[in-house]
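> Below are the sequence and a predicted model for it; my questions follow.
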Amino acid sequence: MALESRSKSEFAPISFYEPMPGANVVTLRQLPKSERDVRIPSGPPSARTPVGGAFKRSLDIMGSAGALLFFAPLMLIISAILLLEGGPVFFAHQRIGFGGKMFGCLKFRSMVVGAESKLEAYLAANPEARAQWRRERKLDNDPRITRLGKILRVTSLDELPQFINVLKGEMSLVGPRPITRDEAGYYGDKFAHYLSCRPGITGAWQVSGRSDTSYDQRVDLDATYAAGQSLMTDIDILFRTAKVVLERTGAK
């Protein structure tokens, strides 16, 4: 999602962040493969509590509980449609949380059953798609996504179950985009910043280009947020998120 449509070459840091030392979201290098093959630390980062502390957590509890009550009728309708389609209603993908702890990040199922094997076959037969997947971890034409799934993704309705993750303390309303083990190496020396936060339903990436940004830009945004998180930053991102969801900018 994004406030305004931007090409990758036009991308600039969002105004309410102070850039981290050495960070540059205009010219970013791609990490060599050897630097990407990093292990997730077995212990927690230096921070004993996630960025934002108890106050941010209290806002997460109130906000997620209120959102679940508000969206309950819509979530029941989506669940019923998915049940009629066949297959599970939810998809819980393993993502890295605070301190490196893995958790099941919930979404409404937007893909066909057996999506991973379908992806492997598609990438093996399509070199251009394989290169895009390695570069961005996304595909412009993803063969795994169902017709209903496309609607859920464009409108971001597939992410409504993540309010359950927030209520459980696995995620936050605002934070870095939750990543998989395979993505950890892309963060290089900025990975510690990611580990210091609870991943967010929304965040700097979602309001600064979303699918229109490169992966390296996403890493810089996550690290900069973690280094300078504040209540006003979170409120600003939440308001911007509402706007970009309605405009469906950068969603694929």
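That came through, no problem.
> and Leu69, what element?
Using DSSP states H and E, the element containing Leu69 is helix 53-85.
> Could you do His93 as well?
strand 90-96.
> Check Ala227 too.
Taking DSSP H and E as the criterion, Ala227 maps to helix 215-228.
> If you count contacts, what does the next helix or strand after that helix end up packed against?
Using DSSP H and E, the helix or strand that follows helix 215-228 in sequence is helix 231-247. For helix 231-247, the packing partners by 3 or more CB pairs under 8 Å, 6 or more residues apart in numbering; DSSP states H and E come out as helix 53-85, strand 172-174, strand 200-202. All C-beta atoms are positioned from the backbone trio N, CA, C, and that covers glycine.
> And the second one, what does it pack against?
Just to be clear, that refers to strand 172-174. Using 3+ CB pairs under 8 Å, 6+ apart: strand 172-174 touches helix 53-85, strand 200-202, helix 231-247.
> partners of that strand in the sheet?
If you go by DSSP bridges, strand 172-174 pairs up with strand 200-202 (parallel).
> so for the partner strand, what's the average pLDDT?
In this model, strand 200-202 has an average pLDDT of 96.
> again with stretch 157-175
On average, stretch 157-175 scores 97.
> go on, stretch 71-84?
Summarised as a single mean, pLDDT over stretch 71-84 is 96.
> roughly how far is that stretch from the heart of the chain?
Stretch 71-84 has its C-alpha centroid displaced from the chain centroid by 23 Å (CA atoms, centre = their mean, to the nearest Å).
> what does stretch 142-159 give?
Remark: stretch 142-159 is offset 15 Å from the chain centroid, using CA atoms, centre = their mean.
> Equivalent analysis for stretch 166-185, please.
On CA atoms, centre = their mean, the centre of stretch 166-185 falls 7 Å from the chain's centre.
> for stretch 101-112, same thing?
On CA atoms, centre = their mean, the centre of stretch 101-112 falls 11 Å from that of its chain.
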